[in-house]
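*Asks:* Based on what follows, work out the 3D shape:
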Amino acid sequence: MICLDLFLGFLKVGCFAFGGAYGAIPLIRDVVMSYGWLSEDMLTYMIAVSESTPGPIMVNLATYIGSSQAGFAGAAVATLAVVLPSFLIILLVTALLKTALKNKYVQAVLRGLKPCVIGIVLATGIDMILGNCFGSVSAIRFDGQAVVVTLLLAAMMLGYKRFAKKKLSPILLILLSAAAGAVLYGL
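*Replies:* Model (predicted):
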């Protein structure tokens, strides 16, 4: 019976929680308090923990509350219930988009948006590089170590692409930057 309650309670959260995680907290609080699954203090504590752990707050809270009420089965049921509405909506949108993508006007719009998205990503990347290496306009500072790490990673990425004839894995780039940061900043 508890698994059914968890499913229905978190299905309600998944269906009606709009505005992101912070907009969902009052609904989660209402469901959790109405079923008496956690005390107010414990729920507040779990919200803080859910914010500081990887993943969406709603999923983290559903998993924890489900686990505290019915073990692994409760965690699975609550997590499934909270993501099911979003999954079904995305599935529906994808099905509709598949048909829409064949439309020549939709194709024209997407081709027009592609350079814009590329420009936004490029501008964001350049802004992040400049901010990391040289600070902001209001507080200019030169970080030689950041410049070295950035140039080292760019050289590795371009060199790998030229000699291996394929792109360097983003995961490997992250690991290399972590190692370079540990060496340059830690020593």
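
*Asks:* and the nearest residue to residue 141 once chain neighbours are set aside, backbone torsions?
*Replies:* Nearest non-adjacent residue to residue 141, counting by C-beta to C-beta, 6 or more residues apart in numbering: residue 135, 3.9 Å away. For glycine as for every other residue, the C-beta is placed from the backbone atoms N, C-alpha and C. Main-chain torsions, residue 135, degrees, to the nearest 10: phi 80, psi -170.

*Asks:* Quick check: bridge partners of residue 135?
*Replies:* Beta bridges link residue 135 to residue 140 when assigned by DSSP bridges.

*Asks:* Which pLDDT value does the model give it?
*Replies:* Residue 135 carries a pLDDT value of 79.

*Asks:* what about it, how many residues close to it?
*Replies:* 14 (other C-beta atoms under 10 Å).

*Asks:* any idea of the pLDDT on the residue nearest to residue 78 when sequence neighbours are not counted?
*Replies:* Nearest residue to residue 78, sequence neighbours excluded (C-beta to C-beta, 6+ apart): residue 66, at 2.9 Å. Looking at residue 66, its pLDDT stands at 96.

*Asks:* from the middle of its chain, how far away would the one helix or strand residue 66 maps to be?
*Replies:* In this assignment (DSSP states H and E), residue 66 forms part of helix 57-100. Chain-centre distance of helix 57-100: 15 Å, with C-alpha atoms, centre = their mean, to the nearest Å.
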